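Student: A structural model of the following input is requested.
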Amino acid sequence: MDARTRILHAAAELLARSPEADVSTRAVCEAAGVGAPALYRQFGDKEGLLAAVVDFGFEQYLAGKRAAVPSDDPVRDLRDGWDNHVAFALENPNFYRLMYSPGLSTPPAAATEAHQLLLGVLERCAAAGRLRISPRLAAQMVMPANAGVALLLITRPTIYPDVTQVATRVREAIVTAIVTPDASGGPEQSTGPGGNVAVAAANLGALLPALPDSPLSPAETALLLEWLTRLADRPATA
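Tutor: Reported below is the predicted structural model:
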């Protein structure tokens, strides 16, 4: 095992046991059997180390999401992704708290990849005609809500003792806000005046990039995608 891997293993083990979800570089060096220069040479500083430890801790979770075979129902996959996210947080509270710590100004790569994987599921929802808004905006709603619920459940367990009920209710509130009830295209899909237009715009925006032999130039495609996104994300009116 090389020095970098030993440091990551040591830091991850110390982090998992830490009541404050933090570790000292000195403790990590002692546990890994390396000197401070070796640690700083590999990670730059403590913040770089912590970002790398988060990525190390999240690797198994992300590997499972990468390997997941999409079902024929992207909305079900969206719900499953939410539940898996919460379950990982509950099982690995210190890694999770550190990932979203405001004191960590260097974003872990795991956070970016998790967002991209979520975006992929939402793009499938849009391609199936199930999304009320653009995948981009939907991801900006889902991820903060998912992360916020998970953080509250692991940091305020006495306030939220019924983990399943809280996580499920918030999940369904978000799903209802961004997903149509079915793919029939009926009037029940409308979120208000122009609701069906938003669904159609999100649907076409998801399908357009994969259109074979498109008669549109790259510039025309980009412009159309911009227009479709504006239509999909137009603020709802009463």
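Student: only C-alpha atoms for contact and neighbour calcs from this point on.
Tutor: OK.
Student: Tell me how the chain divides into domains.
Tutor: Here the domain assignment for the chain is 1-44, 45-232, based on automatic domain parsing.
Student: Determine which of these shows the lowest mean per-residue pLDDT.
Tutor: Of all the domains of the chain, domain 45-232 carries the lowest average pLDDT, namely a mean of 85.
Student: now that domain: how far from the chain's centre is it?
Tutor: 6 Å (Cα atoms, centre = their mean, to the nearest Å).
Student: Mean neighbour count added to the domains of the chain, as JSON lines?
Tutor: As requested, the domains of the chain are exported to JSON lines (neighbours: other Cα atoms under 10 Å):
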{"stretch": "domain 1-44", "mean neighbour count": "16"}
{"stretch": "domain 45-232", "mean neighbour count": "17"}
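Student: which non-adjacent residue is nearest the residue of the chain positioned farthest from its centre?
Tutor: Note on the chain: the largest separation between a C-alpha and the mean C-alpha position, by Cα atoms, centre = their mean, falls on Gly35 (35.6 Å). Residue nearest to Gly35 in three dimensions, not counting chain neighbours: Cys29, with 5.8 Å by Cα to Cα, 6 or more residues apart in numbering.
Student: Beyond the helix or strand in which that neighbour is found, next helix or strand please.
Tutor: Assigned by DSSP states H and E, Cys29 belongs to helix 25-32. Once helix 25-32 ends, the next helix or strand along the chain (criterion: DSSP H and E) is helix 36-43.
Student: Output the helix or strand that that following helix is followed by as CSV, nothing but the C-alphas.
Tutor: The C-terminal neighbour of helix 36-43 among helices and strands, as given by DSSP H and E, is helix 46-67. Coordinates of the C-alpha atoms in helix 46-67 are reproduced here as CSV (Å, rounded to 0.1, in the frame of the first residue of the first chain):
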residue,chain,number,x,y,z
LYS,A,46,-5.6,19.8,5.4
GLU,A,47,-8.5,21.0,3.2
GLY,A,48,-7.1,19.0,0.3
LEU,A,49,-6.8,16.0,2.5
LEU,A,50,-10.3,16.3,3.7
ALA,A,51,-11.7,16.7,0.2
ALA,A,52,-9.8,13.6,-0.9
VAL,A,53,-11.1,11.7,2.2
VAL,A,54,-14.7,12.5,1.2
ASP,A,55,-14.1,11.3,-2.3
PHE,A,56,-12.5,8.1,-0.8
GLY,A,57,-15.5,7.6,1.5
PHE,A,58,-18.0,8.2,-1.2
GLU,A,59,-16.4,5.9,-3.8
GLN,A,60,-18.4,2.8,-2.9
TYR,A,61,-21.6,4.7,-2.9
LEU,A,62,-20.9,6.3,-6.3
ALA,A,63,-19.6,3.0,-7.8
GLY,A,64,-23.0,1.5,-7.0
LYS,A,65,-24.8,4.4,-8.6
ARG,A,66,-22.6,4.2,-11.7
ALA,A,67,-23.2,0.5,-12.0
